[in-house]
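A.B. asks: predicted model follows, preceded by the sequence.
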Amino acid sequence: MASSGKGSVYSFVVVHRPPFPGYDYPLVVAIIELEEGTRIISNLIGIEPEKVEMGMPVELSIEKVDDELKLPLFRPVAA
């Protein structure tokens, strides 16, 4: 079944670690509840960690990390 790529933040944590290629810290790791009911763990991008709220709407964004890697990440839905 195809997914719309839209969902909401079910839960999240903010990770503080030393730098690692492909990741910007602090890193918001979230459980995203997709519109179809499935939950997926991913990172939230495009938002400051202190502004993340449970229930906020998000949408899928395939992001190029380097020349060989793309990751399915989520961004807040534009108001």
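C.D. replies: That came through fine. Keep in mind that what you see is a predicted model, and the values were worked out from it rather than measured.
A.B. asks: most centrally placed residue in this structure?
C.D. replies: For the chain, Leu44 is the residue whose C-alpha lies nearest the centre (C-alpha atoms, centre = their mean; 2.7 Å).
A.B. asks: beta partners of the closest residue to it other than its chain neighbours?
C.D. replies: Excluding the flanking residues, the one nearest Leu44 by C-beta to C-beta, 6 or more residues apart in numbering is Val28, at 4.1 Å. C-beta coordinates here come from the backbone N, C-alpha and C atoms, glycine included. Beta bridges link Val28 to Val14, Leu44 when assigned by DSSP bridges.
A.B. asks: again with Leu34
C.D. replies: Bridge pairing for Leu34 - DSSP bridges - gives Gly7.
A.B. asks: neighbours of it, how many?
C.D. replies: Counted by other C-beta atoms under 10 Å, the residues lying close to Leu34 total 18.
A.B. asks: wait, Pro76 touches Glu48, no?
C.D. replies: No - with contact defined as C-beta atoms under 8 Å, Pro76 does not count as touching Glu48 (10.4 Å).
A.B. asks: which residue of those two possesses the greater neighbour count?
C.D. replies: Comparing Pro76 with Glu48 by other C-beta under 10 Å, the one with more neighbours is Pro76, at 17 against 8.
A.B. asks: on that earlier part again, need the contact list for the residue nearest to the centre of the chain.
C.D. replies: Contact analysis of Leu44 by C-beta atoms under 8 Å, 6 or more residues apart in numbering lists 9, 12, 28-30, 52, 58, 73-76.
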